[in-house]
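>>> My questions are about this predicted structure, shown below with the sequence.
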Amino acid sequence: MKPDLPSHRQFFGDAPRSFTLTTPMIVELERVCGTGIGSLSRRLFQGQFAHHELLAVLRLGLIGAGERPEVAASLVSTYAEPLPITDLYLIALPVLETRMFGGKTKKKGRGK
């Protein structure tokens with residue numbers, strides 16, 4: 001049985017959406033960005049990134065959470081590409097942080 005991957009949920013575009021960087025999506029992120037996940041993470045945390053890297057984190061996070069690739073690409077094109085860079089950074093960063101450091105786990109049973 002596979003452990004649940006940490007997922008980040010936030011409002012994006014026109015609705016709350018989940019973002020999950022699954023292992024296959026990390027492999028694709030590394031390919032698209034031309035660098036390993038550790039190096040990419042370190043640079044993003046330091047604020048040293050390329051615009052396309054932020055877009056890739058969002059697109060692949062959406063796909064990893066179950067969105068169809070065509071829909072994920074359309075959402076990123078429509079809602080992320082036109083954003084000011086700082087706003088885009090603040091949306092993409094927690095997606096990567098959640099996968100690197102884990103996320104909040106939902107407690108089962110007691111309703112909290």
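Yep, that arrived.

>>> Which parts of the chain are helices?
In the chain, the segments counted as helices under DSSP state H are 23-33, 37-45, 51-64, 69-75, 85-101.

>>> which of the residues in stretch 24-38 are buried?
By neighbour count on 16 or more other C-beta atoms under 10 Å, the buried set for stretch 24-38 is Met25, Ile26, Glu28, Leu29, Glu30, Val32, Cys33, Ile37. For the C-beta atoms, the positions are set from N, CA and C on the backbone; glycine is no exception.

>>> returning to what we had before: okay, the helices of the chain in TSV with mean pLDDT and distance to Gly13 next?
Listed next are those as TSV, based on pLDDT from 0 to 100; distance: least, C-beta to C-beta, whole Å:
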stretch	mean pLDDT	distance to Gly13
helix 23-33	97	19
helix 37-45	95	21
helix 51-64	97	10
helix 69-75	97	5
helix 85-101	94	10
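
>>> Pick the most buried one from these.
The highest average neighbour count among the helices of the chain, using mean count of other C-beta atoms under 10 Å, belongs to helix 51-64 at a mean of 22.

>>> Run the chain-centre distance for it.
6 Å (C-alpha atoms, centre = their mean, to the nearest Å).

>>> could you dump it to CSV, C-alpha only?
What follows is helix 51-64, C-alpha atoms only, in CSV (Å, rounded to 0.1, in the frame of the first residue of the first chain):
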residue,chain,number,x,y,z
HIS,A,51,9.1,32.0,-15.0
HIS,A,52,8.6,28.7,-16.9
GLU,A,53,9.7,26.8,-13.7
LEU,A,54,6.9,28.3,-11.7
LEU,A,55,4.4,27.5,-14.4
ALA,A,56,5.6,23.9,-14.6
VAL,A,57,5.2,23.4,-10.9
LEU,A,58,1.6,24.5,-11.1
ARG,A,59,0.8,22.6,-14.3
LEU,A,60,2.4,19.3,-13.1
GLY,A,61,0.9,19.8,-9.6
LEU,A,62,-2.6,20.0,-11.1
ILE,A,63,-1.9,16.9,-13.2
GLY,A,64,-0.6,15.0,-10.2
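
>>> That one - contacts with which helices or strands?
If contacts are counted by 3 or more C-beta pairs under 8 Å, 6 or more residues apart in numbering; DSSP states H and E, helix 51-64 sits against strand 15-19, helix 23-33, helix 37-45, helix 69-75, helix 85-101.
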